[in-house]
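>>> sharing a model prediction with you, sequence too.
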Amino acid sequence: MKKRILSLVVAFVATFGFLMSCSAQKEALDISDEEQAVFNSQEEKEVEIKDEESEYEIIIIEPGFYTWLMSIARPEGYYSQPFLENRNNILVMEWNRRVMQPMNFNPNLYMLQINYDPNIDYGYEVNYKLYNYFVYFQRKYKQRLGPFLPRI
């Protein structure tokens, strides 16, 4: 009797997990026509991410990212800096893991490591734009870098 109940619970958990993963995938792929048009854009405008005080800088040259950042991403101030730092730390670790495994992950997507030290205060703008690049990247290339869905 105990084996039957256990196998029934395992079957229920497996079925529930499968249904949840299907709904999560559907949610991750819920991209508006406006956002898809930006993804398809070939407009290249570099986005410079820098903090004058700390002298840290990242330059992103990704077709459509500037337009996406200006029109679709949440505005500056929407997220707190601790939220952005926490997410960036998680996303950078996964990004760098994928860079180090070119046989398992597309090396055309994951080319260079990102040097992000959670003990350094990069300022709000650097964290905001880096986080939004990760959201843009995950949504455009249908990737998942963390345990949470890349939402806007």
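The structure has been received and is ready for your questions.
>>> and the gap between residue 30 and residue 130?
For residue 30, the distance to residue 130 (Cβ to Cβ, to the nearest Å) stands at 24 Å. All C-beta spots, glycine's among them, are computed from the backbone N, C-alpha and C.
>>> okay, those two: which has more neighbours?
Taking neighbours as other Cβ atoms under 10 Å, residue 30 and residue 130 compare with residue 130 leading, 21 against 10.
>>> list the contacts for the more buried one?
49, 58, 84, 88, 114, 116, 122 (Cβ atoms under 8 Å, 6 or more residues apart in numbering).
>>> so which of the residues you listed comes closest to residue 100?
Taking Cβ to Cβ as the measure, residue 100 lies nearest residue 114 of those, at 12.0 Å.
>>> the closest one touches residue 92, doesn't it?
Yes: Residue 114 is within contact range of residue 92, at 5.0 Å (criterion: Cβ atoms under 8 Å).
>>> returning to what we had before: export the contacts of residue 130 to CSV and tack on distance to residue 98, neighbour count and secondary structure?
Shown next, in CSV, are the contacts of residue 130 (distance: Cβ to Cβ, whole Å; neighbours: other Cβ atoms under 10 Å; DSSP: H, G, I helix; E, B strand; the rest coil):
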residue, distance to residue 98, neighbour count, secondary structure
49, 20, 20, strand
58, 18, 16, strand
84, 21, 20, helix
88, 15, 22, helix
114, 11, 15, coil
116, 14, 20, coil
122, 21, 24, coil
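>>> okay if I get the residues you listed as TSV plus distance to residue 67 and pLDDT?
Converted to TSV, the contacts of residue 130 look like this (distance: Cβ to Cβ, whole Å; pLDDT from 0 to 100):
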residue	distance to residue 67	pLDDT
49	16	69
58	18	75
84	21	97
88	22	96
114	22	92
116	25	92
122	24	90
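>>> just the closest of these to residue 65, please.
Nearest to residue 65, judged by Cβ to Cβ, of these is residue 49 at 10.9 Å.
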